Structure formats: C-alpha cells, structure tokens
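Visitor: here is my input, please return the structure:
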Amino acid sequence: RHTVSVMSDYPDVSVSDLPDDAVFLDIREQDEWDRGHAPGAIHIPMGELPARVEELSAAIDMDQQLVVTCRSGGRVSRTLPWLDQYGFDVANLEGGMRAWHAAGKAMETADGSAAEVP
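Guide: The predicted structure follows:
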C-alpha cells in the first residue's frame, strides 16, 4: 500500500525560488515567530486561522499564490487543504523556516536578538 502525502496535492516552493521580500504566511506559534521570522511574512498561528481567514484574504491578492510555512512542514500539511477550500492558491515553503534560516535569508526577531529556528 502506498500513502499519498497531502503535500503532493500542492506545489512546493524552494527557499531559493522565493524572493527575499516575498509575502508568505507563517503559521507558527507566537513564541516561534518572536524568535525569528521573515520580514515580509504575515503571521497567523495555525489555531487562529479559522477566526482570522477574512483578515488573511483582505491582506493578500487572492490571485497570487500564497506560500505557507511553519517550522519544517508538519503544520502546513494540515493547513493547505483547509486554505484551498477557502479559495486560496496555496503552496508549501519547502523545508519551512528551518530551510529559510539555513539559507541565510533575512530574518527579524521580537527583541532584536539573533534569529533562531529551534
């Protein structure tokens, strides 16, 4: 038996293909965000998405692809089908924020300390 990954239903976007100023959705928890996030990212923790989906749709161009990230991809796999049902054109940031950080991409923190993605 073969299991089909939910992620395979949606495109993966590699960190190298995403511009430094790309707008994407970071669904990690507040403490993870505070420790390091991409400067242009929109932050809505996964558990808050149902209550904030209208805020998200107002914040982005619905004709553009919405790249979604978490730490390494686990939460994204549960979130993409849900966002797809709401009409978002979704993709996964391959490797999540771990890959973004490892690639040396720009990051900000809540307190100005060195960014980390534990």
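
Visitor: any idea how far the helix or strand hosting Val76 is from the middle of the chain?
Guide: Val76 is part of helix 74-85, with elements assigned from DSSP states H and E. Its chain's C-alpha centre and that of helix 74-85 lie 10 Å apart, by Cα atoms, centre = their mean, to the nearest Å.

Visitor: could you do stretch 38-52 as well?
Guide: On Cα atoms, centre = their mean, the centre of stretch 38-52 falls 8 Å from the chain's centre.

Visitor: contact partners of it?
Guide: Here stretch 38-52 makes contact (Cβ atoms under 8 Å, 6 or more residues apart in numbering) with 21-30, 33, 37, 55-56, 59-60, 69-70, 75, 78-79, 82-83, 97, 100, 105-108. Quick note: C-beta positions are derived from backbone N, CA and C, even for glycine.

Visitor: same thing but at 7 Å, please
Guide: 21-30, 33, 37, 56, 59, 75, 79, 100, 105-108 (Cβ atoms under 7 Å, 6 or more residues apart in numbering).

Visitor: kindly report the same for stretch 11-27.
Guide: 33, 37-38, 40-46, 49, 56, 60, 66-70, 75-76, 79, 91-95, 99-100, 103, 105-106.

Visitor: C-alpha coordinates for that stretch, PDB please?
Guide: This file holds the C-alpha atoms of stretch 11-27, laid out as PDB (Å, rounded to 0.1, in the frame of the first residue of the first chain):
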ATOM      1  CA  PRO A  11       3.300  22.700  -5.100                       C
ATOM      2  CA  ASP A  12       6.500  23.100  -3.100                       C
ATOM      3  CA  VAL A  13       8.400  26.400  -3.500                       C
ATOM      4  CA  SER A  14      12.000  26.200  -2.600                       C
ATOM      5  CA  VAL A  15      13.600  28.900  -0.500                       C
ATOM      6  CA  SER A  16      15.900  29.800  -3.400                       C
ATOM      7  CA  ASP A  17      12.900  30.500  -5.700                       C
ATOM      8  CA  LEU A  18      11.300  32.800  -3.200                       C
ATOM      9  CA  PRO A  19      12.500  36.500  -3.300                       C
ATOM     10  CA  ASP A  20      13.800  37.900   0.000                       C
ATOM     11  CA  ASP A  21      10.800  40.300   0.100                       C
ATOM     12  CA  ALA A  22       8.200  37.700  -0.700                       C
ATOM     13  CA  VAL A  23       4.900  37.900   1.300                       C
ATOM     14  CA  PHE A  24       4.000  34.500   2.700                       C
ATOM     15  CA  LEU A  25       2.000  33.100   5.600                       C
ATOM     16  CA  ASP A  26       3.800  31.900   8.700                       C
ATOM     17  CA  ILE A  27       1.500  29.700  10.800                       C
END
